[in-house]
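Structure for this input, please:
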Amino acid sequence: MKRKITLLLTLLAFAVSSLAQISFDKRDFVEPNFSKDEFDYNAKAYLTNSSTDPGDTLFAWVLNKIDVPSDWSTTVCSGYLCIEEPTVPYDFAIKRGDTVEFKLGFAFFGVAGEGDAYVSAYSVTDPSNRDSIRLRITARDLVSTNDLDKTAIKVYPNPATDVVYVDYNSASYTVNIYDILGNLKMSQKINKGQPIQVNDLARGVYVVRIEGDLSFSKVLQKQ
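A predicted model of the protein is given here:
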């Protein structure tokens, strides 16, 4: 009898502790057949603090790369904070019962390969209270006669200094320019052959995207 009571208490304790964990609503993301010509791919999950301890609100996350091509860029977003190629743990706070959005993504820069990485989030006071999301993706050379030819969008000169031209198979269209973290830096409606002034953009890597029924993007190097 005593043994049964002990077993029951153990099971109850395990059940309570399992409820006291932070947890992602989805943990594993797999994309085996993605085009390397797309700029990036992001997995999104929501982390909830279900801790029974109201004081357990300070957490940290860390990126772990299992196998990622050296030409790719890996970015982690926690709430409004996005870090490219994070190498150290980053602290964040979640009140009990609250949820925060996480994104884990790869930018391919036209390079085919296989990427595998995960982000672990854990309690600073109790590191056993943790959960993780993992992204595994294969970026390939994909050719489909059903898709509009990617060469229909041309960005030149590239690298650019002051002016860039974005040619597309349309008389007029809207060009959006994003930084590497996905922040919109410029948006301009142009006619085909019209130059775009980019001299105010800081030196770095940007994504030029045409938005429409189909969305296409090219990487732009700004000098």
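
For residue 9, give me the pLDDT.
Looking at residue 9, its pLDDT stands at 41.

actually residue 31, sorry about that
90.

Could you do the one 3 residues further on as well?
Looking at residue 34, its pLDDT is 86.

How about residue 26?
Note for residue 26: predicted pLDDT of 94.

did I read that right, it in a strand?
No - with DSSP: H, G, I helix; E, B strand; the rest coil as the criterion, residue 26 is located in coil rather than a strand.

switch to numbering from 14
Sounds good: first residue 14 from here, last item residue 39.

Contacts only, for it.
Applying C-beta atoms under 8 Å, 6 or more residues apart in numbering, we find residue 39 in contact with 58, 146. The C-beta positions use only the backbone N, C-alpha and C, and glycine is treated the same way.

just residue 236 next, same as before
Contacts for residue 236 were tallied using C-beta under 8 Å, 6+ apart; they are 172, 173, 174, 216.

what's the distance between the third one and residue 64?
In this structure, residue 174 and residue 64 are 52 Å apart, going by C-beta to C-beta, to the nearest Å.

Compare neighbour counts for the two and give me the winner.
Taking other C-beta atoms under 10 Å, residue 174 and residue 64 do not tie; residue 64 has more neighbours (22 against 12).

What strand or helix carries the more buried one?
Using DSSP states H and E, residue 64 is not contained in any helix or strand.

Wait, it touches residue 71, no?
No - in terms of C-beta atoms under 8 Å, residue 64 does not count as a neighbour of residue 71; the distance is 11.0 Å.

Okay, now the unreliable bits of the protein?
By pLDDT under 70, the weakly predicted segments of the chain are 14-33, 156-165, 224-229.

per-domain residue ranges of it.
The chain resolves into domains spanning 33-153, 163-235 when parsed by automatic domain parsing.

what's the most buried one of these?
domain 33-153 (a mean of 16; mean count of other C-beta atoms under 10 Å).

OK, contacts around the spatially most central residue of the chain?
Nearest to the geometric centre of the chain sits residue 118, at 3.0 Å (C-alpha atoms, centre = their mean). Contacts for residue 118 (C-beta under 8 Å, 6+ apart) come out as 53, 54, 55, 56, 87, 88, 90, 148.

and it, how far is that from residue 100?
Residue 118 is 17 Å from residue 100, by C-beta to C-beta.

looking at it, residue 82 is touching residue 128, isn't it?
Yes - here residue 82 reaches residue 128: they are 6.6 Å apart, a contact under C-beta under 8 Å.

Quick check: the farthest pair among the contacts of residue 236?
173 and 216 (10.5 Å; C-beta to C-beta).

Thank you kindly, that will do.
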